[in-house]
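K.L.:
Give me a model of this one.
(one chain, ligands or ions: 1)
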Amino acid sequence: MSNPAPSPGVGVLDQGAELTFPSGFLWGAATAAYQIEGAATEDGRGPSIWDTFSHTEGTVVAGHTGDVACDHYHRLASDVSLMADLGLKSYRFSVSWPRVQPTGSGPANAKGLDFYRRLVDDLLASDIEPWLTLYHWDLPQRLEDEGGWPARDTAARFADYTRLVVDALGDRVRHWTTLNEPWCSAFLGYGSGVHAPGRTDSAAAVRAGHHLMLGHGLAVQALRAARPEAQVGVTVNLYPVDPATDSPEDVDAARRIDGLANRFFLDPLLRGSYPQDVRDDLRRICDFGHVREGDLAVIAAPLDLVGINYYSRHVVAAGPPEPASSGFVSGSTWPGSEDVRFVSRGVPVTDMQWEIDAPGLVETLRRVHEEYTDLPLYVTENGSAFVDTVVDGRVDDVDRVAYFDAHLRAAHAAISAGVPLVGYFAWSLMDNFEWAWGFTKRFGMIYVDYDDDQARIPKSSARWYAEVIRRNGLAAQ
Ligand code: FCB
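P.N.:
Numbers count the residues shown, from 1 in each chain. Have a look, this model is predicted:
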């Protein structure tokens, strides 16, 4: 499959019009357990791969860890009040597997489940729909010691853990997503090793990707068996991938990166097969002998929704990577395609150096709808890091407001083009532990002052988003 050509009319978004979203559009904000909870050793929580990784020297900027993070574990009630102040219709959070099942197998840790019961009850009492993600990257360390995601058994363990969570919360939580961004878990966790568990083994990364998706499929079965009425899906992170020029080499580089970043996951999950060209590209890395008869049918179990995380676009060219971006040892972020170069176009970037590209959201949503599925789609993450400063107790994050505004206009353009987009979750509710970047990158609509008793300061973007939710759309500018 080639990259979709930009559709007429979506390249330039009308910046001036008042836009109303369909009624019932689900406005939300998202977080993840390890990024906000803290309380890493409290109430029986076991260690996850992110605890081990962040405590390993040289892995996270400035040696930051999620030990305390935003201390959300102890501030649950006031954090839910802040969500209510924003008028959120939904809150997307993740459950920490090792808080619920400290070693990744065996019975549930009742105190861990109690925390999520309280969270869900508080949300429901505030008319905020809980949206639960089962896996946002915090694998119990014991399971990593036993082989981690490259080992097939981890998929079965994930289904067991899912059963514990759905038994406890299935009566109150309607929306479930299994995995968040399996590409990151597989290729950053086991390929380049910039994320936990920090392994650099390309073949292991490919196996991890498969077993994550198998775990997803088994978890879907567990959710269906326990709660036939549950709305179940998965969240993938997607990018439009463009060639830097129309030379055949660059076009092929784009095909390969699109294959690894997008189609490696979309095709099994939504079509029940791996793309043949991606298998061919990976031939010298791995023979796919880990894929067993029947796996793909499990992976492609029917879903109720698809979650898409969108941040930016990749533009790529053939040729040796810049030495600085290489990092290739025995594993890499892009197994078998280490010779692809990521090209920057010189357009404005966020504090992550990610290029700001709102039309890419329209392309991404249209592609999933037009090439893969009629299912309802949700943007389960979209947002930006910028350097925020507190002045007289206020944070006026105009760049973040502009980012959200442009991407919501893009979301609206996608709906106008026929995409069944029914919800949007801003990343993130509050500043938090940004993985390998620690606390140095701020994505929140709420500023967290880590040095001043974790004070929460709603930024301008929080007030702006509350107004978007209130009017179910964007004002004319
Ligand atoms: C996504 C992650 C999320 C956050 C944002 C910035 O890849 O799902 O946890 O780190 O990026």
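K.L.:
Next to the ligand, which bits of the stretch 301-450 of the chain? Give me the list.
P.N.:
Asn309, Glu381, Trp427, Glu434, Trp435, Phe443 (C-beta under 6 Å from any ligand atom). All C-beta spots, glycine's among them, are computed from the backbone N, C-alpha and C.
K.L.:
where does this structure have low pLDDT?
P.N.:
In the predicted model of the chain, residues 1-17, 321-330, 477 satisfy pLDDT under 70.
K.L.:
re earlier: buried ones among the residues of the stretch 301-450 of the chain next to the ligand?
P.N.:
Neighbour counting with 16 or more other C-beta atoms under 10 Å marks Asn309, Glu381, Trp427, Glu434, Trp435, Phe443 as buried within those.
K.L.:
want to try TSV for the residues of the stretch 301-450 of the chain next to the ligand, with secondary structure as columns?
P.N.:
Output for those, formatted as TSV (DSSP: H, G, I helix; E, B strand; the rest coil):
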residue	secondary structure
Asn309	strand
Glu381	strand
Trp427	strand
Glu434	coil
Trp435	helix
Phe443	coil
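K.L.:
from these, which is closest to Arg99?
P.N.:
Trp435 (18.3 Å; C-beta to C-beta).
K.L.:
May I ask you to confirm that the closest one is in contact with His195?
P.N.:
Yes - counting by C-beta atoms under 8 Å, His195 is a contact partner of Trp435 at 6.0 Å.
K.L.:
Residues that sit against both of these two, list them.
P.N.:
Common neighbours of Trp435 and His195 are listed as Trp137 (criterion: C-beta atoms under 8 Å, 6 or more residues apart in numbering).
K.L.:
coming back round to it: now tabulate the buried ones among the residues of the stretch 301-450 of the chain next to the ligand in TSV and tack on distance to Arg99.
P.N.:
Below are those laid out as TSV (distance: C-beta to C-beta, whole Å):
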residue	distance to Arg99
Asn309	23
Glu381	22
Trp427	22
Glu434	20
Trp435	18
Phe443	23
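K.L.:
In contact with Leu365: list those residues for me.
P.N.:
Ile308, Tyr310, Leu377, Val379, Ala411, Ala414, Val419, Leu421.
K.L.:
give me phi/psi at the second one?
P.N.:
The phi and psi values for Tyr310, taken as degrees, to the nearest 10, are phi -130, psi 130.
K.L.:
separation between the residue lying closest to Val422 once chain neighbours are set aside and the ligand?
P.N.:
Spatial nearest neighbour of Val422, chain neighbours left out: Pro376 (4.7 Å); criterion: C-beta to C-beta, 6 or more residues apart in numbering. Distance, Pro376 to the ligand, by C-beta to the nearest ligand atom, to the nearest Å: 20 Å.
K.L.:
Which parts of the stretch 1-150 of the chain are strands?
P.N.:
Applying DSSP state E, counting those that start in this stretch to the stretch 1-150 of the chain gives strands spanning 19-20, 26-30, 90-94, 129-135.
K.L.:
could you dump those to JSON lines with mean neighbour count?
P.N.:
Shown next, in JSON lines, are those (neighbours: other C-beta atoms under 10 Å):
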{"stretch": "strand 19-20", "mean neighbour count": "16"}
{"stretch": "strand 26-30", "mean neighbour count": "25"}
{"stretch": "strand 90-94", "mean neighbour count": "25"}
{"stretch": "strand 129-135", "mean neighbour count": "24"}
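K.L.:
got TSV for these, with distance to the ligand too?
P.N.:
Formatted as TSV, the strands of the stretch 1-150 of the chain follow (distance: least, C-beta to the nearest ligand atom, whole Å):
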stretch	distance to the ligand
strand 19-20	25
strand 26-30	8
strand 90-94	9
strand 129-135	9
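K.L.:
So which of these is nearest Ala358?
P.N.:
It's strand 19-20; of the strands of the stretch 1-150 of the chain, that one is closest to Ala358 (C-beta to C-beta) at 13.2 Å.
K.L.:
Touching the closest one from outside, list them.
P.N.:
Contacts for strand 19-20 (C-beta under 8 Å, 6+ apart): Leu408, Arg409, His412, Arg471, Asn472, Gly473, Leu474.
K.L.:
Pull the contacting residues for the third one.
P.N.:
Contacts for His412 were tallied using C-beta under 8 Å, 6+ apart; they are Leu19, Phe21, Gly473, Leu474.
K.L.:
if you set the cut-off to 6 Å instead, what comes out?
P.N.:
Applying C-beta atoms under 6 Å, 6 or more residues apart in numbering to His412 gives the contacts Leu19.
K.L.:
That one and the ligand: what is the separation?
P.N.:
Taken as C-beta to the nearest ligand atom, the span from His412 to the ligand is 22 Å.
K.L.:
Now do whichever strand or helix holds that residue and strand 26-30, the angle between them.
P.N.:
In this assignment (DSSP states H and E), His412 forms part of helix 398-416. Between helix 398-416 and strand 26-30, the angle comes out at 140 degrees (axes from the mean of the first three to the mean of the last three C-alpha atoms, to 10 degrees).
K.L.:
Let's have the contacts of Leu365 in a markdown table, adding neighbour count and distance to Gly289.
P.N.:
Listed next are the contacts of Leu365 as a markdown table, based on neighbours: other C-beta atoms under 10 Å; distance: C-beta to C-beta, whole Å:
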| residue | neighbour count | distance to Gly289 |
| --- | --- | --- |
| Ile308 | 20 | 31 |
| Tyr310 | 26 | 34 |
| Leu377 | 25 | 34 |
| Val379 | 27 | 36 |
| Ala411 | 26 | 41 |
| Ala414 | 24 | 39 |
| Val419 | 20 | 38 |
| Leu421 | 25 | 39 |
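K.L.:
Which two of those residues have the greatest separation?
P.N.:
Across these (C-beta to C-beta), the longest gap, 12.5 Å, separates Tyr310 and Val419.
K.L.:
can you give me the offset of the helix ranked longest in the chain from its chain's centre?
P.N.:
Longest helix in the chain by number of residues, with DSSP state H as the criterion: helix 202-226. Put simply, helix 202-226 sits 16 Å off its chain's centre (C-alpha atoms, centre = their mean, to the nearest Å).
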